[in-house]
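Peer 1: quick one, fold the following:
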Amino acid sequence: MNDVEFHKYQGTGNDFVIIQGVKSLSTEQIKRLCDRKFGIGADGVILINPSKEHDFDMFYYNSDGSASFCGNGSRCAVQYANHMGLCGTSCIFHSNDGVHEAHIENNWVYLKMHDVGHWDQDGEHFEINTGSPHYIIFTDHIDKIDVVNKAQEVRYSEPYQNEGINVNFLELEGDILHIRTYERGVEDETLSCGTGVTAAAIAQFIKSNKSESQFEQKVQTLGGELSVKFEYKPAGFQNIYLCGPAEFVFEGRITL
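Peer 2: As a prediction, this is how the structure comes out:
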């Protein structure tokens, strides 16, 4: 492959290499792009292509080459698409897990997630899929948690060792939910994870036995603040929005 143009974006410290007009990449190419020593450096790669039915198509790869849906990556893709003239401040796009809507308001991207109608709960531990699977652990003194070692005990346990699972540690301080996340595919702690933040807000709602039909939870990641809004109905959680900043970092060209 010849030189390709890339743009790098980040959403609360979750960073991505975005490439337009390339249909697919090999695992080796993705790993090289994401390598922070020998490549550009990123948590994942986003490929954006034209769509006959929507404003654009996007496909996300983790830094190890595995594919999954990515909330922060999708928000960055929307900001990129708007900047490149692929869409206005509102758009509809197709991602790894299907079709999503989003809009930009005051430089924040509001991404509509899929409904969540099922979750598993074991005491204060939750398993919730918000486009990617998440294991939720409520804890004290979140700043002192050995995230990688503690998370790998879950991630590489028998139920999850093949498909993998993201592991999230939560602590509520006042009305702010603090989160630290270990991401499968990156196999390390990341500064932010959009699907994890969404799962965390839902878990906090369930744990608190709240009864509001509409709810908003502010979530503090290591990389900044996000917000999750949703409606709770008998069928589960609907009209879920992951909201937060998505910012351009730099652009360039690289030979693949």
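
Peer 1: C-alpha only now, for contacts and for neighbours.
Peer 2: Fine.

Peer 1: what lines up beside the strand or helix carrying I128 in the sheet?
Peer 2: Here I128, judged by DSSP states H and E, is contained in strand 125-129. Take DSSP bridges as the rule and strand 125-129 pairs in its sheet with strand 120-122 (antiparallel), strand 133-138 (antiparallel).

Peer 1: pull out the buried positions in the longest one.
Peer 2: For strand 133-138, the buried set under the neighbour-count rule, 16 or more other C-alpha atoms under 10 Å, comprises P133, H134, Y135, I136, I137, F138.

Peer 1: and that strand, how far from the chain's centre?
Peer 2: Relative to its chain's centre, strand 133-138 lies at 14 Å (C-alpha atoms, centre = their mean, to the nearest Å).

Peer 1: do the first one as well
Peer 2: On the basis of C-alpha atoms, centre = their mean, strand 120-122 is displaced by 22 Å from the centre of the chain it belongs to.

Peer 1: could I get the average pLDDT for the strand holding I128?
Peer 2: Averaged across strand 125-129, pLDDT comes to 97.

Peer 1: what's that strand in contact with?
Peer 2: For strand 125-129, the external contacting residues (C-alpha atoms under 8 Å, 6 or more residues apart in numbering) are 116, 118-121, 133-138, 199, 203.

Peer 1: can you get me the start-to-end distance on stretch 145-165?
Peer 2: Separation of the first and last residues of stretch 145-165 by C-alpha to C-alpha, to the nearest Å is 18 Å.

Peer 1: meant to ask about stretch 22-29
Peer 2: OK, stretch 22-29 end separation, C-alpha to C-alpha: 12 Å.

Peer 1: ditto for stretch 105-117
Peer 2: Across stretch 105-117, first to last residue, C-alpha to C-alpha, it's 28 Å.

Peer 1: please work out the average pLDDT along it.
Peer 2: Average pLDDT, stretch 105-117: 97.

Peer 1: buried ones in it?
Peer 2: Using 16+ other C-alpha under 10 Å as the test for burial, stretch 105-117 gives W108, V109, Y110, L111, K112, M113, H114, D115, V116.

Peer 1: cool, stretch 66-84 as well?
Peer 2: Residues of stretch 66-84 classed as buried: 68-82 (neighbour count, 16+ other C-alpha under 10 Å).

Peer 1: could you do stretch 81-100 as well?
Peer 2: Across stretch 81-100, burial judged by 16+ other C-alpha under 10 Å covers A81, N82, C87, T89, C91, I92, F93, H94, S95, N96, H100.

Peer 1: same thing with stretch 170-184?
Peer 2: L170, E171, L172, L177, H178, I179, R180, T181, Y182, E183, R184.
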